[in-house]
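Student: sequence first, predicted model second:
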Amino acid sequence: MTLPPNLLRAGLTQERIPEPCTVIIFGASGDLTKRKLVPALYSLARDRMLSRCAIVGFARRELPFVQLMREGVDEFARRRPVHEDLWGTFSSRISYQQGRFDVPEDYRKLRVHLEELEKAHNLPPNRIFYLSTPPSNFGEIVKNLGDAGLVPKDGPGYARVIIEKPFGVDVESAKKLNVELLRVLDEHQIYRIDHYLGKETVQNMLVFRFGNAIFEPLWNNRFVDHVQITGAEALGVEGRGNYFEEAGILRDMVQNHLLQVLCLAAMEPPAAFDADSVRDEKLKVLRSLRPVADEDVKLHVVRGQYTAGSVLAKRVPGYREEPGVPADSTTETYVALEMFLDNWRWQGVPFFLRSAKRMPKRVTEVAIHFKQTPISLFGAAAVVPNVLALRIQPDEGISLVVGSKVPGQSMAVAPVGMEFRYASSFGVEPPEAYERLLLDCMLGDSTLFTRGDWVMESWRYISRIHESGDASGDTALPAYEAGTWGPAEAEALLHRNGKTWRKP
């Protein structure tokens, strides 16, 4: 079904337009700026979601910055082809400041540059500093911004800082970084970004659950048998072997992306749809996670590492053959966890999370598996598990599997899928995640950003698993061939509960 144009226009008119501002991107020579950030800002401008927005790139190298950004918009912007008149106006407010993160004088030059830019384009002193840099630079950059007077806690205008993940590598490093930031900034000025939260289906989980009366009464341990959350990538480490050796899939994907999705799927209805109400409920989910005792880690956690194989009909090397990876690496590229929430709604319902590199396909989804009927009137072979799947990527949408009678004289029952896809149902392409998140930051809406106490709680849970695994001294990881759905030990994790992993 496609919505009528008048309804689409009605929806668009409810959007808020932010005040004019300047976005300053630290680490602007990196890939993220060209592929995601500037194309997202251009697409917002083309959708008339921005009034006026200036962009300043800040990096060490000398760059033809405007030219590179045009190339990025040409290739990666959602709204293509580029509208030349709009690009002329948009690019007239793009500039570049060559500077070093550790030199205070370069920040004083940046301040002068911003003041001149705002005067030339009649912009208020509303500034968003996007730290697209290695995490080791976060504290240093924020300190220098504070010393240069660029991030005042009170007006005129506003100063906000967006920080990319990872926010620490364990509890202690996250705590240390938080202390460094809060010496200069208030919590409401810090926007810890997780691009998963900008995806339409992630946001739609809240609407689906709390905006429809039909499913929320079933969303509990009386009706739900178990929940599976999958974050699978067909790609390998793509030249980031050195980084991945330090992180592993547990830190790289589960601590942030998948735990965020878990919280949205399991949280209680918030008192209001505002930043703190939503984030309070997400924090309660983390605090209800049942800790995994050291001696039980192997019962509830499976780690694995891919070997050579074929993905999408292409031969690929094993993880230990990737550049930057030691031949005796014990870093996990696959992890599966059995988790329990000790609260009123979910007591006794297992949540199975898995994330991995070199899977058969790229897919992220939440699958709610409902309990079976008390008795099967049509025979054991007729039992069709009801599964509600929310696909986050790719092909964002929602599907529901129900049992239906097969046409004919017998009472044979077969699964039937009911599906909704964003692209076909609304007739418009959903915005990119960075579009939504950048716009929300401009509006001062931190609902889809991560609060400091959530980060600490997530690291407490993940660090316990890491420490328990390290303390066990077990360096032999189960292997799985690239292009398969993981090691046999992960299948056994569900089989002992009479369940199987869903093949998206």
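Tutor: Sure thing, it's come through.
Student: other residues contacting the lengthiest helix in the chain?
Tutor: Secondary structure of the chain per DSSP state H: the longest helix is helix 452-472. Outside helix 452-472, the residues that touch it by Cβ atoms under 8 Å, 6 or more residues apart in numbering are 167-168, 170-171, 174-175, 178, 182, 187, 190, 192, 250-251, 254-256, 259, 263, 279, 282-283, 286-287, 289, 291-292, 294, 297-298, 301, 303, 337. In this view, the C-beta of every residue, glycine as well, is placed from N, C-alpha and C.
Student: residue boundaries of the helices in the stretch 201-350 of the chain?
Tutor: 241-249, 259-266, 275-287, 297-300 (DSSP state H, counting those that start in this stretch).
Student: show me which of the contacts of helix 452-472 are buried.
Tutor: 167-168, 171, 174, 178, 190, 192, 250-251, 254-256, 259, 263, 279, 282-283, 286, 289, 292, 297, 301, 303, 337 (16 or more other Cβ atoms under 10 Å).
Student: could you pull up phi and psi at Pro415?
Tutor: The phi/psi pair for Pro415 (degrees, to the nearest 10) reads phi -70, psi 140.
Student: bridging residues for it?
Tutor: Here Pro415 sits in beta bridges with Gly403, going by DSSP bridges.
Student: same deal with Val335?
Tutor: Arg303, Ser355.
Student: need the contact list for it.
Tutor: 248-250, 254, 301-304, 353-356.
Student: now with 7 Å?
Tutor: Counting by Cβ atoms under 7 Å, 6 or more residues apart in numbering, Val335 touches 249-250, 254, 301-303, 354-355.
Student: where does pLDDT dip in the stretch 251-400 of the chain?
Tutor: For the stretch 251-400 of the chain, the stretches with pLDDT under 70 are 375-383.
Student: all strands of it, in order?
Tutor: 301-307, 309-311, 314-316, 334-340, 350-356, 363-370, 387-393, 397-405 (DSSP state E, counting those that start in this stretch).
Student: is it true that Arg160 touches Leu443?
Tutor: No: counting by Cβ atoms under 7 Å, Arg160 stays clear of Leu443, with 10.5 Å between them.
Student: so the two - more neighbours on which side?
Tutor: Between Arg160 and Leu443, Arg160 has the larger neighbour count (other Cβ atoms under 10 Å), namely 22 against 13.
Student: chain neighbours aside, what residue packs nearest to the residue nearest to the spatial centre of the chain?
Tutor: Centroid-nearest residue in the chain: Tyr196, 2.1 Å away (criterion: Cα atoms, centre = their mean). Computed as Cβ to Cβ, 6 or more residues apart in numbering, the closest residue to Tyr196 that is not its neighbour in sequence is His257, at 4.5 Å.
Student: for the one you found, list the residues it contacts.
Tutor: Listed by Cβ under 7 Å, 6+ apart, the contact set of His257 reads 194, 196, 231.
Student: what do you get for Arg61?
Tutor: Arg61 sits next to Ser29 when contact means Cβ under 7 Å, 6+ apart.
Student: what's the helix or strand for it?
Tutor: Following DSSP states H and E, there is no helix or strand that holds Arg61.
Student: equivalent analysis for the one 10 residues further on, please.
Tutor: Counting by DSSP H and E, the secondary-structure element that holds Glu71 is helix 65-76.
Student: packing partners of that helix?
Tutor: In this structure, helix 65-76 packs against helix 38-46, strand 94-98, with contacts taken as 3 or more Cβ pairs under 7 Å, 6 or more residues apart in numbering; DSSP states H and E.
Student: Val237: which of these is closest?
Tutor: helix 38-46 (24.7 Å; Cβ to Cβ).
Student: and the closest one, what does it pack against?
Tutor: With contacts taken as 3+ Cβ pairs under 7 Å, 6+ apart, helix 38-46 sits against strand 53-59, helix 65-76, helix 84-91, helix 433-443.
Student: okay, those in CSV with mean pLDDT next?
Tutor: Compiled in CSV, the helices and strands packed on helix 38-46 are given as follows (pLDDT from 0 to 100):
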stretch, mean pLDDT
strand 53-59, 97
helix 65-76, 95
helix 84-91, 94
helix 433-443, 94
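Student: in JSON lines: the ones you listed, plus distance to Ser43.
Tutor: Formatted as JSON lines, those follow (distance: least, Cβ to Cβ, whole Å):
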{"stretch": "strand 53-59", "distance to Ser43": "12"}
{"stretch": "helix 65-76", "distance to Ser43": "9"}
{"stretch": "helix 84-91", "distance to Ser43": "11"}
{"stretch": "helix 433-443", "distance to Ser43": "6"}
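Student: give me whichever of those is most buried.
Tutor: Comparing these by mean neighbour count (mean count of other Cβ atoms under 10 Å), strand 53-59 ranks first with a mean of 25.
Student: partner residues bridging Thr309?
Tutor: For residue 309 the amino acid is Gly, not Thr. Bridge pairing for Gly309 (DSSP bridges) gives the partners Val316.
Student: count of neighbours near it?
Tutor: Gly309: 17 neighbours (other Cβ under 10 Å).
Student: shift numbering so it begins at 266
Tutor: Got it, the first residue is 266 from now on, which makes the last one we talked about Gly574.
Student: doesn't Gly748 make contact with it?
Tutor: Yes: in terms of Cβ under 7 Å, Gly574 counts as a neighbour of Gly748; the distance is 4.5 Å.
Student: shared neighbours, those two?
Tutor: With Cβ under 7 Å, 6+ apart, Gly574 and Gly748 have no common neighbours.
Student: can you pull the phi/psi pair for Ser438?
Tutor: Torsion angles, degrees, to the nearest 10, at Ser438: phi -70, psi -40.
Student: give me the distance between it and Gly353.
Tutor: From Ser438 across to Gly353, the span is 45 Å (Cβ to Cβ, to the nearest Å).
Student: go on, Leu415?
Tutor: From Leu415 to Gly353 the distance is 29 Å (Cβ to Cβ).
Student: how many other residues sit next to the residue nearest to Gln520 when sequence neighbours are not counted?
Tutor: Nearest non-adjacent residue to Gln520, counting by Cβ to Cβ, 6+ apart: Ile727, 4.5 Å away. Using other Cβ under 10 Å, Ile727 is surrounded by 20 other residues.
Student: now swap in Val681 and tell me
Tutor: 13.
Student: give me the number of residues near the nearest residue to it once chain neighbours are set aside?
Tutor: Leaving aside its sequence neighbours, Val681 sits nearest to Ser669 (Cβ to Cβ, 6+ apart; 4.2 Å). Ser669 has 13 neighbours, counted by other Cβ under 10 Å.
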